[in-house]
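K.L.:
Have a look at this fold, sequence not included:
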């Protein structure tokens, strides 16, 4: 039953909250934000949401562990720590943050500055490297908390029209088109294709045949493809060198119980240059999350987020990032686009489902077998997930253009330029290869090389420039607010009507302390 069909469901907007105006909810929404499926069903749906983001939440710690030279015996505990941080961050965000049904987890935007910090400390000095990362992450998170709760991102919202939001969200969806799980040499395309085929079949062709296909297309697709790859690996059909090979040895060697705990690697160290470099990743993460909030609201059938909701979301991400630093992940916490894609495919936008999934992740972070089992999911299956889900996010972003005048050459120019720059700049940064190489190149720039060659400047440009949605959003923002255009032409008048009022969002203090 959809939220629109449920006669007992509260008014939509974020359902059940005061000051919420009526808004048409998509007929594709199976469970609205405030609806609670049965507990057993919620557990499976929550697991499904988390499986969609497992690639990133494992890829980040594995990349950091390899860069630091962390001994293999510590890696399962390190991965488990990321699961615990993800679970806690998600519970905080869905309960006392922006209260959107959105998963929190490790972010790629902080990976580049982290690798740069590790390179400075020296590969092999993993204890010193992770303590330096912790210090940079903690300070970066504190700054994000301040920017969030002071209302900086919410204040910027008044200058953001659909001309800016559309390419920003679209670039979130396009950000993983060149991910190695999709484009790596020697790709096992049969397994990528099988994963995509199963998800498409369950979500688009068989969704009316049985409710289970509608609710669990991602879970069914992953499990079926994973089970087949495992069976073929065990009997020797898939050779051990293939990207489709499933190695079960890590599961057999894993500990049953592991205990991630605060400051488990030691006391963080703080260095100004590391903090400044890491903040570039924090800034990119904030811009990405801003777009994610609009995307999840759209797919959940809700009004666009108010400034207050955005501020509380960013502030809570900052707190979760500080927690991640204290726990020793060496990475921050951000909203997950994969989870948003799952909402689009399944129609399950229940906050309760996401919270159940968060509890599952929190628990399994202490179970060594589970973390080891998840790492056996082959990259081609993760690539298939990206193909099936991220294209939909791009389409959701572009659908915001229905509010603007597309006969306006001004709008078409800005949108096109923003999209192109959002794809071109990260490709260039990838070809440069590293922050240090980029800094050396910037230092040779005529006239302004003295400024661009400064480490803090070059690191910031390198990290932000390598984040497509940040580049596209900044380009669109600057042009949309400097090139002459009417509010109606830019879609601002219609956008204002579709945005929830500030009164529609209750802070944790208002909800739990004042009891209003």
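P.N.:
Looks like it arrived, so ask away. Given the structure is predicted, the values throughout are model-derived calculations rather than measurements.
K.L.:
Please confirm that residue 265 is located within a helix.
P.N.:
No. Secondary structure of residue 265 (DSSP: H, G, I helix; E, B strand; the rest coil): coil, not part of a helix.
K.L.:
any idea how far the spatially closest residue to it that is not a sequence neighbour is from residue 166?
P.N.:
Using Cβ to Cβ, 6 or more residues apart in numbering and skipping the chain neighbours, the partner closest in space to residue 265 is residue 328 (4.6 Å). In this view, the C-beta of every residue, glycine as well, is placed from N, C-alpha and C. For residue 328, the distance to residue 166 (Cβ to Cβ, to the nearest Å) stands at 38 Å.
K.L.:
For this protein, which segments count as strands?
P.N.:
104-105, 334-335 (DSSP state E).
K.L.:
Relative to residue 320, which of those strands is closest?
P.N.:
Closest to residue 320 of the strands of the chain is strand 104-105 (Cβ to Cβ; 5.7 Å).
K.L.:
Residue 328 and residue 166: who's more crowded?
P.N.:
residue 166 (29 against 24; other Cβ atoms under 10 Å).
K.L.:
Was I right to think the more buried one contacts residue 397?
P.N.:
Yes. With contact defined as Cβ atoms under 8 Å, residue 166 reaches residue 397; the gap is 5.2 Å.
K.L.:
Please tabulate the strands of the chain in JSON lines, including the columns distance to residue 456.
P.N.:
Converted to JSON lines, the strands of the chain look like this (distance: least, Cβ to Cβ, whole Å):
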{"stretch": "strand 104-105", "distance to residue 456": "27"}
{"stretch": "strand 334-335", "distance to residue 456": "22"}
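K.L.:
mind putting these in TSV, mean neighbour count, mean pLDDT and distance to residue 68 included?
P.N.:
Below are these laid out as TSV (neighbours: other Cβ atoms under 10 Å; pLDDT from 0 to 100; distance: least, Cβ to Cβ, whole Å):
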stretch	mean neighbour count	mean pLDDT	distance to residue 68
strand 104-105	30	89	20
strand 334-335	30	88	21
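K.L.:
Dead centre of the protein: give me the residue that sits there.
P.N.:
residue 336 (2.3 Å; Cα atoms, centre = their mean).
K.L.:
For that one, give me its contacts.
P.N.:
53, 56, 102, 103, 104, 105, 292 (Cβ atoms under 8 Å, 6 or more residues apart in numbering).
K.L.:
Distance-wise, check the first one relative to residue 103.
P.N.:
To residue 103, residue 53 is 6 Å away according to Cβ to Cβ.
K.L.:
between these two, which one's more packed in?
P.N.:
residue 103 (29 against 26).
K.L.:
thought that one was touching residue 51?
P.N.:
No. Here residue 103 lies out of contact with residue 51, judged by Cβ under 8 Å, at a distance of 10.8 Å.
K.L.:
At which residues are the helices of the stretch 151-300 of the chain located?
P.N.:
152-156, 162-174, 180-183, 189-200, 211-215, 217-234, 249-253, 272-299 (DSSP state H, counting those that start in this stretch).
K.L.:
tell me the most buried of these?
P.N.:
Stretch with highest mean neighbour count among the helices of the stretch 151-300 of the chain: helix 162-174 (a mean of 29; mean count of other Cβ atoms under 10 Å).
K.L.:
Low-confidence stretches in the stretch 101-250 of the chain?
P.N.:
Along the stretch 101-250 of the chain, segments meeting pLDDT under 70 span 112, 122-124.
K.L.:
show me the residues around residue 141 that make contact.
P.N.:
282, 318, 319, 320, 321, 322, 323, 324, 325, 332, 333.
K.L.:
quick one: contacts for the fourth one?
P.N.:
With contacts taken as Cβ under 8 Å, 6+ apart, residue 320 has the following neighbours: 85, 88, 89, 92, 93, 104, 141, 332, 333.
K.L.:
tell me, how many neighbours does residue 149 end up with?
P.N.:
Residue 149, neighbours per other Cβ under 10 Å, totals 17.
K.L.:
so what's it closest to, chain neighbours aside?
P.N.:
Residue 149 sits nearest to residue 315 (Cβ to Cβ, 6+ apart), 4.1 Å away.
K.L.:
distance of the one you found from residue 178?
P.N.:
Distance from residue 315 to residue 178, by Cβ to Cβ: 32 Å.
K.L.:
So for those two, which residue has more residues nearby?
P.N.:
A count of neighbours by other Cβ under 10 Å puts residue 315 above the other of residue 315 and residue 178, at 23 against 12.
K.L.:
How confident was the prediction at that one?
P.N.:
Note for residue 315: predicted pLDDT of 95.
K.L.:
Distance-wise, check residue 390 relative to residue 219.
P.N.:
18 Å.
K.L.:
gap between stretch 276-292 and the chain center?
P.N.:
Taking Cα atoms, centre = their mean, to the nearest Å, the mean C-alpha location of stretch 276-292 is offset from the chain mean by 11 Å.
K.L.:
Check the gap between the residue sitting furthest away from the middle of the chain and residue 394 for me.
P.N.:
In the chain, the residue that sits farthest from the middle, by Cα atoms, centre = their mean, is residue 447; the gap is 38.2 Å. Computed with Cβ to Cβ, the distance linking residue 447 and residue 394 is 38 Å.
K.L.:
nearest spatial neighbour of residue 239, skipping sequence neighbours?
P.N.:
residue 245 (6.6 Å).
K.L.:
I'd guessed residue 129 sits against residue 66; true?
P.N.:
No. The pair residue 129 / residue 66 is not scored as a contact, 11.7 Å apart, by Cβ under 8 Å.
K.L.:
Looking at the two, which one has more neighbours?
P.N.:
residue 129 (26 against 12).
K.L.:
Please list all residues in contact with residue 45.
P.N.:
Neighbours of residue 45 in contact, by Cβ under 8 Å, 6+ apart: 37, 215, 216, 346, 348, 350, 353, 356, 357.
K.L.:
give me every residue that touches the first one.
P.N.:
With contacts defined as Cβ under 8 Å, 6+ apart, the neighbours of residue 37 are 31, 45, 348, 350, 352, 353.
K.L.:
Which of these fall in helices?
P.N.:
45, 352, 353 (DSSP state H).
K.L.:
Pick out the most distant pair among the contacts of residue 141.
P.N.:
Longest span within the contacts of residue 141, Cβ to Cβ: 282 and 323, 14.2 Å.
K.L.:
can you pull the contacts of the nearest residue to residue 182 once chain neighbours are set aside?
P.N.:
Leaving out its chain neighbours, the residue that sits closest to residue 182 by Cβ to Cβ, 6+ apart is residue 383, at 4.2 Å. Going by Cβ under 8 Å, 6+ apart, residue 383 touches 179, 181, 182, 187, 192, 195.
K.L.:
any idea how far residue 383 lies from residue 337?
P.N.:
15 Å.
K.L.:
Can you list the residue ranges for helices in the stretch 401-516 of the chain?
P.N.:
Going by DSSP H, counting those that start in this stretch, the stretch 401-516 of the chain shows helices at 409-432, 435-443, 449-452, 455-465, 468-480, 487-490, 492-498, 508.
K.L.:
most packed of the ones you listed?
P.N.:
Taking mean count of other Cβ under 10 Å, helix 468-480 is the most buried of the helices of the stretch 401-516 of the chain, at a mean of 24.
K.L.:
who's in contact with it?
P.N.:
109, 159-161, 163-164, 167-172, 174-175, 283-284, 287-288, 290-291, 413-415, 417-419, 421-423, 425-426, 464-465, 490.
K.L.:
In space, what's closest to residue 238 - neighbours in sequence excluded?
P.N.:
Nearest to residue 238 is residue 232, by Cβ to Cβ, 6+ apart, at 4.6 Å.
K.L.:
any idea how far the one you found is from residue 189?
P.N.:
Distance of residue 232 to residue 189, computed by Cβ to Cβ: 15 Å.
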